[in-house]
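Q: Sequence first, predicted coordinates after that:
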Amino acid sequence: MGATGIIFQREFNAYVRSPIGYIVAAVVLFIDGILFFGFGLGVEGAMLSGQVLRRFFYLASGMTSIAAVVLSLRLLAEERQTGTQLLLDTSPVRDREIVLGKFLAGLAFLSAINLATIYMPLLILVNGKIAMGQILVGYLGLTLIGAAVMAIGVFGSALSRHQLVAAVVTSLVTGLFFLFTALSQAMDPPLSRFFRALAIHGTQFLGFEVGRLHLRDVVYYLSLIYFFLFAATKVLEAKRWE
Amino acid sequence: MVELTEVTKYYGAKRALGPVSFEIEKGDTVGILGLNGVGKTTLLRILACGLRPSSGRVGIDGLDVLENPHEVRKRVGYLPEVPPVYGDMTVRDYLAFVGRLKGMTGGSVAERMPVVEESTRIGEVADMPARQLSQGYRQRVGVAQAIIHEPDLLILDEPTHDLDPVQIMEMRAMIRALKDDHTILISSHILPEISQTCDRLVILDDGRIVASGTESELEARLFASHRFSVTVRAAAPPVPAPGPLIRGVAGVNGAEPVGAARGKAAEAGTATFSVDGANDVRAEVCRALVEAGHDVIALARADRQLERLFVGLVGGEAD
């Protein structure tokens, strides 16, 4: 196992051992459940099963994003706060291995939380008729949007030793990417096209909600993830020797 | 083993270290001594590959720290002033994590673990979460993580930081036991810590080396005189006072009253003098005092030579 795997293992276990992991999981599952009942199953009037599922993924993507912000804050900032960053700095480990190991651990824990919501789509499956493909593609979408926000969080966490600063930076940047959808609607072309292309939760996520997998959407999220992880690595490199 | 050539470190325009040049031979135990803020931690972090020098060359085991940082990091064990311990991990899990991070295989970590637990005496807390450890154990775990991968060079930054007297003695004993297997570099602002564990001293002041060598070399270089203290039970007049008597002995450069004369408690009717001789004049001083009618009740070589040396070099004031 390389350094990425070693760091992944430590960080994932840290989530499992810490109360924050369970608190985030409990809050996300609780609110997801309420939203699913209130705006999915509990809506008056007839709704197609596919539409209920689409609404579930739409709502769950918001909670996944919030959970990704909270889970990512401690990843690098806490190391500086407690002095353990010195151990990583003086070990034969590359900065990209540190960033990747931590990112993957956060994403794995987030995915475990998302997986625990599977009973909701299964409830629809039992009582209605939906394609398994829509469920799988929807969860892929949740994973990708969660990973993108987690990458932004890793970048925010790399900037400061204070988790509060990391929270502010991550929330602002993530909020900006969510805001691009509204901006695209308020503007005329070509600016509207530009903002639509950048929006984290606009047309990019729509395909996943309805079970349509587009390569361009996957590429968009992977690009976002790569960009912010690359930026986090560069921040870490700059700080490592100083 | 360690070679520094004209190394400097600037934080912006502020010079924190250097230029500093010195060498450490394999197997040496060297103490970096200096007051707080003179650049000790900066120097150690440069050697541990945690800080880039502004200029100069740092070589460890023939490797340049900037050209081969990862190779150097495998050869160095580093204990910062605050041990870098993850509170949520058990001690054993933490040491296994550090070992693997330093490039060891799972098998070699398992083989090494009992040896490290034995040498740092942490066996009884090995299954405890690190957050529950006392400061003494925390520091020992800090040493354990620094030696888990059997580094050639062991760097300890203030290893007795925040320890009680008993823990300090235990830590010194542990460091002495590690001398057989590692080249050791220790920093401290506490003299006994350095003088009791190190073969050689490097004294830093304002980021620069102001003296280096063994304790006796430094004393010989900086103190040409022989200093000792003599305590007398003074006879009443007309016997001449002991102070002028001592100063009248050939070879005595000076004699100053200490103890009660400087506000400290002393046995009633006694006086202590700090005598500075051009050579060893203890016998002559005692003879002069006794022949005049005084009783000599104590004679001691000044045992704070090193402390005076340190304070003199860094511009402080000895008490």
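A: Great, that's in hand. Numbers count the residues shown, from 1 in each chain, chains lettered A, B, ... in the order given.

Q: When you work out contacts or count neighbours from here on, use the C-alpha atoms and nothing else.
A: Noted.

Q: Helix or strand: which one has residue 23?
A: Since no chain was named, I'll use chain A. For residue A:23, the enclosing helix or strand under DSSP states H and E is helix A:19-36.

Q: sorry, should have said chain B
A: Assigned by DSSP H and E, residue B:23 belongs to strand B:14-24.

Q: Past that strand, which element shows up next along the chain?
A: Using DSSP H and E, the helix or strand that follows strand B:14-24 towards the C-terminus is strand B:29-33.

Q: contact partners of that following strand?
A: Contacts with strand B:29-33, where a contact means C-alpha atoms under 8 Å, 6 or more residues apart in numbering or on different chains, come from B:24, B:40, B:179, B:183-191, B:194-195, B:197-204.

Q: quick revisit: note down every partner strand of the strand holding residue B:23 and its orientation.
A: Counting by DSSP bridges, the strands paired with strand B:14-24 are strand B:2-11 (antiparallel).

Q: which parts of the partner strand are buried?
A: Using 16 or more other C-alpha atoms under 10 Å in any protein chain shown as the test for burial, strand B:2-11 gives B:2, B:3, B:4, B:5, B:7, B:8, B:9.

Q: between these, which is closest to chain A?
A: Closest approach to chain A among the buried residues of strand B:2-11 (C-alpha to the nearest C-alpha): residue B:9, at 10.2 Å.

Q: Just want the most central residue of chain A.
A: Nearest to the geometric centre of chain A sits residue A:146, at 1.6 Å (C-alpha atoms, centre = their mean).

Q: Low-confidence ranges, the chain, go.
A: Picked chain A for this. A:1, A:42-46 (pLDDT under 70).

Q: hm, I was asking about chain B
A: B:219-225, B:259-267, B:302-319.

Q: which parts of chain B sit against chain A?
A: Within chain B, the positions adjacent to chain A are B:48-52, B:69-71, B:73-74, B:78, B:80, B:82-86, B:88-89, B:97, B:100-103 by C-alpha under 8 Å from any C-alpha of the partner chain.

Q: Those residues in helices, which ones?
A: Among the residues of chain B next to chain A, the ones falling in helices (DSSP state H) are B:69, B:70, B:71, B:73, B:74, B:97, B:100, B:101.

Q: Farthest from the middle of chain B: give me that residue.
A: Chain B, farthest from centre, C-alpha atoms, centre = their mean: residue B:238 at 49.1 Å.

Q: Relative to chain A, how far out is that one?
A: 69 Å (C-alpha to the nearest C-alpha, to the nearest Å).

Q: helices or strands up against the longest helix along chain A?
A: Assignment by DSSP H gives helix A:132-159 as the longest helix of chain A. Using 3 or more C-alpha pairs under 8 Å, 6 or more residues apart in numbering or on different chains; DSSP states H and E, the elements in contact with helix A:132-159 are helix A:49-72, helix A:74-82, helix A:95-115, helix A:163-186, helix A:203-210, helix A:215-240.

Q: Select, out of these, the one closest to residue B:297.
A: Closest approach to residue B:297 among those (C-alpha to C-alpha): helix A:74-82, 55.1 Å.

Q: What are the contacting residues of the helix or strand following that closest one?
A: Scanning forward in sequence from helix A:74-82 by DSSP H and E, the next helix or strand is helix A:85-89. The contact list for helix A:85-89 (C-alpha under 8 Å, 6+ apart) reads A:79, A:80, A:98, A:240, A:241, B:49, B:50, B:80, B:84.
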